[in-house]
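Asker: My questions concern the predicted model and sequence given below.
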Amino acid sequence: MRTSPTILHLDMDAFYASVEQASKPSLRGKAVVVGGLGPRGVVATASYEARVFGVHSAMPMGQARRLAPNAAYLVPRFHFYRSISEQVMELLRALSPLVEPLSLDEAFVDLEAGGVAWDERSARLAGVKLRADIRAVTGLTGSVGLAASKMLAKIASEEAKPDGLVVIEPGTERAMLGPMSVRTLPGVGPATGDHLRRAGITTVEEIAEAGEDELVRLLGKAHGHGLYAMALARDDRPVVAEREAKSVSVEDTYDVDIHDRTRVGLEVQRLAERCVRRLRGAGLSGRTIVLKVRRYDFSTLTRSETLRGPTDDPAVVREAAARLLDSVDTTGGVRLLGVGVSGLADYTQEDLFAQAAGERAVAEGPVEEHSVAPVEEPLPLAERRWPAGHDVRHAEFGHGWVQGSGLGRVTVRFETPDSEPGRVRTFRVDDPDLEAADPLPLVLRGPEGGDRVPGVGSQAVSSVPASLPKSWSGSGGGAATSRP
Ligand code: DCP
Ligand code: MG
């Protein structure tokens, strides 16, 4: 493990909700919930103001509405979030060639590889500057963790939330981790947490005390071994820009075409297991299961299914492959079959113990962008045409967003990212003057080239942070982001 805290982990604060607040002045400082609004919708994220009421990601929408009846409920705008994410990732790539995105709003950066940091002080300054740049370019806040390993950098950014920066100084990590809950460690979700608790293990220290053999007995070889190492703060995983392997797959060509459907099914199961052995051998897991079928006439089909989180569970991959096979016509015979897993991740990212049980429940079909039920829910027509939170333009009143719709009416709030909170007007859903519009940029480029960040008045944006990071040691300023 390196000796300086030069691995950075960035995680944007309440990402989707913050984008919505930056975009809609009337929602700043208010409870905002973004998610599927249909009957089976779940919360994608909630603003920190809404979290006070207990609303959180993955909660059924109905429950959120009961907890926070006065919050604004908005339908996600994935394309917009993706474009903001691109801006953030661009800033990260300016720091280092080694940027490893984990999701739209989260990534590791190897600052040392980029030459922008080599010790604690330079790492801290790079983190401070990054947060200011993100604010200037996107108008949003992100939290930064800096440590000597990926695991610790991620724990640090969690500690820094919201809108902060935390550095874990090398040498202090065991003492810091010890009293923390086992749930702090990557790969320990509710299920693994419960399992460990039943064995009397609730803190990281207790994992270390239990010893490696006990962990392996409780969680199996790969996971027990990995978790024990992490409890000792041993984590040498490198930041990888692009995985060398984009997928792991196996395939077989048959001398004689297989006609028997049962036999095809058995071959697919066998391939799925072989594929998982390869995957595990490489210490990886993946989210997307791919089935390849070449038929007697050489026509080749691929079918894929994306799970909610990465898996390396043979049962999960077998079942997904079997579901995919159900959708393929194999009458006439099959020459080749293949099973692959892509969307690879380090095996520690999800709740490993929950995979086998949990994945089966959520893997009902391909899912996009986490598990938010998209707008194809059976919403009334008006709400489908005018989704809450989406942008509109009115011929007379200009740019606004849908605050709500129903009973043949749509209510629009007319405001833009850099305006004052705007007024509300109601129209008929078929008003010819009203049309759907694209989102406006969150940060305006002023005519003199100066950027203005909406929501922080007209104050000029500099790279000096408004507040000092939580663990700021006060040791001098200066923008030492290049080697002296
Ligand atoms: N997301 C989702 N469904 C989930 C979890 C997250 O759709 N179950 C989406 C919405 C989030 C974004 O991914 O805004 C980023 O996820 P995070 O876990 O980083 O959560 P937030 O950024 O919203 O909040 P935090 O400040 O805790 O990072
Ligand atoms: Mg986040």
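Answerer: Sure thing, it's come through. Residues are numbered from 1 along each chain as shown. Ligands and ions are numbered 1, 2, ... in the order given.
Asker: Spell out which residues make up each domain of this structure.
Answerer: According to automatic domain parsing, the chain comprises the domains 1-168+446-484, 176-231, 247-362, 381-436.
Asker: Convert the strand or helix carrying Ala315 to PDB, retaining C-alpha atoms only.
Answerer: Following DSSP states H and E, one finds Ala315 within helix 314-326. Extracted in PDB, the C-alpha atoms of helix 314-326 (Å, rounded to 0.1, in the frame of the first residue of the first chain):
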ATOM      1  CA  PRO A 314     -23.200 -19.000 -10.200                       C
ATOM      2  CA  ALA A 315     -26.900 -19.500  -9.400                       C
ATOM      3  CA  VAL A 316     -27.700 -15.900 -10.400                       C
ATOM      4  CA  VAL A 317     -25.800 -16.200 -13.700                       C
ATOM      5  CA  ARG A 318     -27.300 -19.600 -14.400                       C
ATOM      6  CA  GLU A 319     -30.800 -18.300 -13.900                       C
ATOM      7  CA  ALA A 320     -30.300 -15.100 -15.900                       C
ATOM      8  CA  ALA A 321     -28.800 -17.200 -18.800                       C
ATOM      9  CA  ALA A 322     -31.800 -19.500 -18.600                       C
ATOM     10  CA  ARG A 323     -34.200 -16.600 -18.800                       C
ATOM     11  CA  LEU A 324     -32.400 -15.200 -21.800                       C
ATOM     12  CA  LEU A 325     -32.500 -18.600 -23.500                       C
ATOM     13  CA  ASP A 326     -36.300 -18.600 -23.100                       C
END
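Asker: how distant is it from the center of its chain?
Answerer: Distance of helix 314-326 from its chain centroid, counting by CA atoms, centre = their mean, to the nearest Å, is 25 Å.
Asker: on contacts alone, who are the packing partners of it?
Answerer: helix 261-281, strand 284-295, strand 300-311, strand 334-346, helix 360-362 (3 or more CB pairs under 8 Å, 6 or more residues apart in numbering; DSSP states H and E). Bear in mind the C-beta positions are built from the backbone N, C-alpha and C, glycine included.
Asker: Tell me how many other residues crowd Arg409.
Answerer: 14 (other CB atoms under 10 Å).
Asker: who are the neighbours in contact with Pro421?
Answerer: Going by CB atoms under 8 Å, 6 or more residues apart in numbering, Pro421 touches 25-26, 415.
Asker: Give me the nearest residue to it, chain neighbours excluded.
Answerer: Nearest non-adjacent residue to Pro421, counting by CB to CB, 6 or more residues apart in numbering: Ser26, 3.9 Å away.
Asker: cool, Ile258 as well?
Answerer: Val334 (4.8 Å).
Asker: Could you measure from the one you found over to Ile155?
Answerer: Distance, Val334 to Ile155, by CB to CB, to the nearest Å: 48 Å.
Asker: so what's the residue nearest the centre of the chain bridging to?
Answerer: By CA atoms, centre = their mean, the chain has its centre lying nearest to Ser103, at 3.5 Å. When bridges are called by DSSP bridges, Ser103 pairs up with Glu106.
Asker: Kindly identify which of the contacts of Pro421 also come near ligand 2.
Answerer: Near ligand 2, judged by CB under 5 Å from the ion, there are no entries from the contacts of Pro421.
Asker: and of the helices and strands packed on helix 314-326, who's closest to Val33?
Answerer: strand 300-311 (19.9 Å; CB to CB).
Asker: can you tell me if that closest one touches ligand 1.
Answerer: No - judged by CB under 6 Å from any ligand atom, strand 300-311 stays clear of ligand 1, getting no closer than 8.3 Å.
Asker: what angle separates the helix holding Ala315 from helix 261-281?
Answerer: On the basis of axes from the mean of the first three to the mean of the last three CA atoms, to 10 degrees, helix 314-326 is oriented at 140 degrees to helix 261-281.
Asker: Correct me if wrong: the residue nearest to Ile258 contacts Leu291.
Answerer: No - using CB atoms under 8 Å as the test, Val334 is too far from Leu291 to be in contact (11.4 Å).
Asker: Run through the residues that contact the residue of the chain positioned farthest from its centre.
Answerer: Computed with CA atoms, centre = their mean, the residue of the chain farthest from its C-alpha average is Val256, at 44.9 Å. Going by CB under 8 Å, 6+ apart, Val256 touches no other residue.
Asker: what's the spacing between the closest residue to Val276 other than its chain neighbours and Leu218?
Answerer: Nearest non-adjacent residue to Val276, counting by CB to CB, 6+ apart: Pro314, 4.4 Å away. Applying CB to CB, the value for Pro314 to Leu218 is 20 Å.
Asker: For the residue nearest to Ile258, give its distance to ligand 2.
Answerer: Note on Val334: its distance to ligand 2, by CB to the ion, to the nearest Å, is 44 Å.
Asker: can you check Gly211 too?
Answerer: Counting by CB to the ion, the gap from Gly211 to ligand 2 is 35 Å.
Asker: try Val52
Answerer: Relative to ligand 2, and taking CB to the ion, Val52 is found at 17 Å.
Asker: Could you report the neighbour count for that residue?
Answerer: Other residues close to Val52 by other CB under 10 Å number 12.
Asker: cool, and Glu112?
Answerer: Number of residues near Glu112 (other CB under 10 Å) recorded here: 22.
Asker: now swap in Arg295 and tell me
Answerer: Around Arg295 there are 18 residues (other CB under 10 Å).
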